[in-house]
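Trainee: The following block contains a protein sequence and its predicted model.
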Amino acid sequence: MRRNIGIVGGSIAGSALAERLLRGGHRIEVFERSSSDLEDRGLGIAMDPSVAGTLGKDFGTPLERRVVFDRNGVVRWTKRLSKRTVRWNAVHHALSATLPDGIVRRGASVREAGGDGDAAWLRTEAGDRHDFDLVIGADGIGSRVREMVDPGFRTDFLGYVAIRGLVRIDELPPEAGPVCEAMLEGSMVNAYLDRSHVVAYPIESASGEAMVNWMWYRNTTIDDLEGLVGSDADGTPRRSLPPGGIPADHLETFRGEASGSMAASMSSILLSSDSWSLQAIHAGTASTAVAGRLVLIGDAARIAIPHVGAGTSMAIVDARSLAEAIDGADADLDRRLERWAGTRRGETGEAISFGRDLGRFLQCSGTDWTTWSSADYERWWSGLLDDRRLYFESTQ
Ligand SMILES: Cc1cc2nc3c(=O)[nH]c(=O)nc-3n(C[C@H](O)[C@H](O)[C@H](O)COP(=O)(O)OP(=O)(O)OC[C@H]3O[C@@H](n4cnc5c(N)ncnc54)[C@H](O)[C@@H]3O)c2cc1C
């Protein structure tokens, strides 16, 4: 049956859903708060190769192993993994390029949404109301649609931030050599430090240059965070600072700390990057992804903790599997939505809980990584994994 569907959010989850629902012949409108074309969210992401492969032949850069350096720059552990890394823009473009003009309303911020029997509605900040058969919240971590689906939901700040940057490999100084060599051989590089860690991997720029994309996870109290990121006009604490947006005094502190706490092979990469950005790391899973004719997908349904590099892939699979559930539905739509939500919760839960446990250990345990043998790392990892399945372990 052809449905009339409103999608809130036109990023990864929203674009992936719009593309599939249009193919199924449904009538779609996407409401996206940002008035730009989203092409400026340019950092790198790691993806599930099986999902990346659906976006194009040879999509992204394949990575085959994780290499862990300690704070002295010594390689402590090498572990097989299976990921593809890519620019966020390339993923968004692959998902949204086929959407016809007029489907996405840019600069349309949704204030509230609601449902009534077998119908749903949303109201924009401009005050206009739109009625649909279904409204899908693909509106990310601060979802407005989730406020109706799960009114008790609260995000949980995990006590650390990701400071992020990007730099061309040919602009790096010689000290970065050991980390660059590992990356160019197909590795994701991790530096495990004292209650802190860095993840770095190669991506290709839009014009084909080899770049290093890095994330430095740094502990921060909630009070310090508020002082650092500030609040929006309505008093809501911000969750991120854009590239170049970290205040100069904090930037100086962070740069000093980077050079003091990590080996030159890693700190030289951070210090050579000029547009640092910052994101506070939160967790949270909505108690349900479906309430009547309101549905949540992507980060609106569950915040993807970044340590497993799965959020984008999960958002795409959410969207495509939801489109399938809607496509085949007739009078049984509500039952199909409930079944879809239960299945996705089961499929994503292990990766989310593992990401949280891994982040907690790396940021809080105070382990002296310089004393561990490769066998110690193996034992730690399989204990932490605790039989949970992760897509990037599949090549073992
Ligand atoms: C530091 C960090 C590193 C990460 N690394 C990775 C990685 O390597 N691999 C990976 O797969 N994932 C990674 N993630 C997670 C990934 O970014 C998210 O899981 C993914 O972006 C979720 O996509 P989404 O479409 O659900 O939400 P989002 O990308 O957040 O999109 C939500 C959209 O909704 C719009 N919106 C919000 N509110 C409204 C409103 N009221 N009205 C209209 N529009 C609205 C926003 O403008 C936005 O376009 C990382 C996350 C962080 C924080």
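Mentor: Alright, I've got the coordinates. Numbering: from 1, shown residues only.

Trainee: Could you say which helix or strand holds the residue nearest to F254 when sequence neighbours are not counted?
Mentor: Computed as C-beta to C-beta, 6 or more residues apart in numbering, the closest residue to F254 that is not its neighbour in sequence is I163, at 6.1 Å. Every C-beta, even on glycine, is put in place using the N, C-alpha and C of the backbone. I163 belongs to strand 156-168 when assigned by DSSP states H and E.

Trainee: thought L184 was touching P202?
Mentor: Yes - look at L184 against P202 with C-beta atoms under 8 Å: they come within range, at 6.8 Å.

Trainee: Among these two, which residue is more densely surrounded?
Mentor: Set L184 next to P202 and count neighbours by other C-beta atoms under 10 Å: P202 wins out with 22 against 11.

Trainee: near the ligand, which residues of the stretch 251-396 of the chain show up?
Mentor: Residues of the stretch 251-396 of the chain lying close to the ligand (C-beta under 6 Å from any ligand atom) are 279, 298-300, 304, 306, 309-313, 315.

Trainee: how does it look with 5 Å?
Mentor: Listed as neighbours of the ligand in the stretch 251-396 of the chain under the rule C-beta under 5 Å from any ligand atom: 279, 298-299, 304, 306, 309, 311-312, 315.

Trainee: quick one: contacts of stretch 372-387?
Mentor: Residues outside stretch 372-387 that contact it (C-beta atoms under 8 Å, 6 or more residues apart in numbering): 68, 76-79, 354, 357-358, 361, 393.

Trainee: Off-centre distance for that stretch?
Mentor: Chain-centre distance of stretch 372-387: 25 Å, with C-alpha atoms, centre = their mean, to the nearest Å.

Trainee: For Q279, see how far away the residue of the stretch 101-250 of the chain at minimum distance from the ligand is.
Mentor: Nearest residue of the stretch 101-250 of the chain to the ligand: G140, at 2.7 Å (C-beta to the nearest ligand atom). Remark: distance between G140 and Q279 (C-beta to C-beta, to the nearest Å) = 12 Å.

Trainee: hang on, the earlier thing: shared neighbours of L184 and P202, which are they?
Mentor: Common contacts of L184 and P202 (C-beta under 8 Å, 6+ apart): 169, 210.

Trainee: dump the residue contacts of the residue most central in space within the chain.
Mentor: Closest to where the C-alpha atoms of the chain average out (C-alpha atoms, centre = their mean) is G311, at 4.3 Å. G311 is in contact with 45, 298-299, 303-304, counting by C-beta under 8 Å, 6+ apart.

Trainee: Of the contacts of stretch 372-387, grab the buried ones for PyMOL.
Mentor: Buried residues within the contacts of stretch 372-387, by 16 or more other C-beta atoms under 10 Å, are selected in PyMOL with:
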select buried, resi 68+76+77+79+354+357+358+361
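
Trainee: among the contacts of stretch 372-387, which two are most distant?
Mentor: Greatest spatial distance in the contacts of stretch 372-387: T78 and D357, 21.7 Å, computed using C-beta to C-beta.

Trainee: Next, the buried residues of the longest helix along the chain.
Mentor: In the chain, taking DSSP state H as the definition, the longest helix is helix 333-364. For helix 333-364, the neighbour count (16+ other C-beta under 10 Å) marks 333, 336-337, 340-341, 344-345, 348, 350-363 as buried.

Trainee: Equivalent analysis for stretch 124-133, please.
Mentor: With burial defined by 16+ other C-beta under 10 Å, the residues of stretch 124-133 counted as buried are 124, 130, 132-133.

Trainee: And for stretch 104-116?
Mentor: By neighbour count on 16+ other C-beta under 10 Å, the buried set for stretch 104-116 is 104, 108, 110, 113-115.

Trainee: And stretch 86-100, by the same measure?
Mentor: Buried residues in stretch 86-100 (16+ other C-beta under 10 Å): 86-96, 99.

Trainee: could I get the residues you listed as JSON lines with secondary structure?
Mentor: As requested, the buried residues of stretch 86-100 are arranged in JSON lines below (DSSP: H, G, I helix; E, B strand; the rest coil):
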{"residue": "V86", "secondary structure": "strand"}
{"residue": "R87", "secondary structure": "strand"}
{"residue": "W88", "secondary structure": "helix"}
{"residue": "N89", "secondary structure": "helix"}
{"residue": "A90", "secondary structure": "helix"}
{"residue": "V91", "secondary structure": "helix"}
{"residue": "H92", "secondary structure": "helix"}
{"residue": "H93", "secondary structure": "helix"}
{"residue": "A94", "secondary structure": "helix"}
{"residue": "L95", "secondary structure": "helix"}
{"residue": "S96", "secondary structure": "helix"}
{"residue": "L99", "secondary structure": "coil"}
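
Trainee: Name the nearest of these relative to the ligand.
Mentor: Nearest member of the buried residues of stretch 86-100 to the ligand, counting by C-beta to the nearest ligand atom, is W88, at 7.3 Å.

Trainee: Check whether the closest one really touches G44, as I assumed.
Mentor: Yes - contact status for W88 versus G44: in contact at 7.0 Å, counting by C-beta under 8 Å.

Trainee: What about E204, how many residues nearby?
Mentor: Neighbours of E204 (other C-beta under 10 Å): 16.

Trainee: Tell me where the stretch 101-250 of the chain has strands.
Mentor: With strands called from DSSP state E, counting those that start in this stretch, the stretch 101-250 of the chain shows them at 104-106, 110-116, 119-124, 129-132, 134-137, 156-168, 187-192, 196-204, 210-219, 240-241.

Trainee: Quickly compare those and say which is most buried.
Mentor: Comparing the strands of the stretch 101-250 of the chain by mean neighbour count (mean count of other C-beta atoms under 10 Å), strand 134-137 ranks first with a mean of 30.

Trainee: Do any residues in it lie close to the ligand?
Mentor: No - on the criterion C-beta under 5 Å from any ligand atom, strand 134-137 is out of touch with the ligand, staying 8.7 Å away.

Trainee: Many thanks, we can stop here.
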